[in-house]
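**Student:** Structure for this input, please:
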Amino acid sequence: MKASAPGKVILFGEHAVVYGRHAVVTAINLRCYAEALKSSTFRIESPIATTSLDFEKHPYVSYAIKRFMEVKPIDGVKIKIESEIPIASGLGSSAAVTVAVLKALDAEFDAGLSDEELFELARKVELDVQGRGSGTDPFVSTYGGAWLIPERKPLDLGEFRMLIVNSGEESITSEMVAKVARLRDELGDVVERIFDVIDTISLKAFAGEGEISRLMAVNQCMLKAIGVSTKRIDEIVEELEGLGIAAKITGAGGGGSVVGVGSDEALQRAAKLFSGIIVEPEREGARVED
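**Tutor:** Here you go, the predicted model:
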């Protein structure tokens, strides 16, 4: 059986959400596809490599299979992965592949998982691989839509288009999460106050208070302050601002992608200049494709 799950964009709240603050996040219309077929052995095929269970080359897929087997033991499975979501781009590719694999396994082996059970398994996989995390990515990939996290309050973004520009630098979520954790351990209240500012930004954005472009600019400053921006990202943000687009890191940072909002004309122009892509919110979460 074949299943898919969407990627995501964090509009506000990266890193702060790991420490109990709010984030505004939406699923986007880019998907990861996973096909699961019963087999006597374990085999994983992806653009990265073809392996058996491999917790180094295919950590999310391998842990997803392992966690699924706690619910329903299996003798083997062949997994094939295809994705529209760039890897290590801050767009939730890891959560999307995890959720898509779990959804495909659920369908192929008739495990009868509810959406909440699917999310809980994906959440465990996130912790297996990263050590810590907010659960935001697997939640949004499972359910789709736009949300205020952690309360899970739905948000209707309507006709809302976003520009995604890849910095060309790889973003490793686990490394960035650990980097921020070290800074928090070192500076304590200083970092907590930064998280509080990010929290306020997320709440204002959700409530429709304040101009989105200004909120994005301040959020980007806060992310830069905790060390997850890069020189290249700063350059992209500045250049996009010159085109009339408010922009910030989306995801863990240290590379990955920048998200920008502005007029359709400005987005189209910037997409050509930066080889970016324009995405829209995705209402549907994980689904079976067959």
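**Student:** Which residues are in contact with residue 124?
**Tutor:** By C-beta atoms under 8 Å, 6 or more residues apart in numbering, the contact set of residue 124 is 63, 67. Every residue, glycine included, has its C-beta placed from N, CA and C.
**Student:** Now do it against residue 275, distance only.
**Tutor:** Separation of residue 124 from residue 275 (C-beta to C-beta, to the nearest Å): 36 Å.
**Student:** cool, residue 22 as well?
**Tutor:** Between residue 22 and residue 275 the distance, using C-beta to C-beta, works out to 32 Å.
**Student:** now residue 216
**Tutor:** On the measure of C-beta to C-beta, residue 216 and residue 275 end up 21 Å apart.
**Student:** quick one, which of these two is more surrounded?
**Tutor:** residue 216 (24 against 9; other C-beta atoms under 10 Å).
**Student:** That one reaches residue 262, doesn't it?
**Tutor:** No. Assessed by C-beta atoms under 8 Å, residue 216 is found out of contact with residue 262, at 10.3 Å.
**Student:** Could you give the number of residues near residue 182?
**Tutor:** When neighbours are counted by other C-beta under 10 Å, residue 182 registers 11.
**Student:** Select the longest strand from the chain.
**Tutor:** If you go by DSSP state E, the chain has its longest strand at strand 23-38.
**Student:** Please name the nearest non-neighbouring residue to the spatially most central residue of the chain.
**Tutor:** Nearest residue to the geometric centre of the chain (C-alpha atoms, centre = their mean): residue 92, 2.4 Å. The spatial neighbour of residue 92 that comes closest, neighbours along the chain excluded (C-beta to C-beta, 6 or more residues apart in numbering), is residue 8 at 3.9 Å.
**Student:** Parallel or antiparallel, list what pairs with whichever strand or helix holds that neighbour.
**Tutor:** Per DSSP states H and E, residue 8 falls inside strand 2-12. Using DSSP bridges, the strands paired with strand 2-12 are strand 23-38 (antiparallel), strand 287-288 (antiparallel).
**Student:** Relative to residue 112, which of those is closest?
**Tutor:** Minimum separation from residue 112 across these (C-beta to C-beta) falls at strand 287-288, 12.8 Å.
**Student:** for the closest one, the distance to its chain's centre please.
**Tutor:** Its chain's C-alpha centre and that of strand 287-288 lie 19 Å apart, by C-alpha atoms, centre = their mean, to the nearest Å.
**Student:** All set, thanks.
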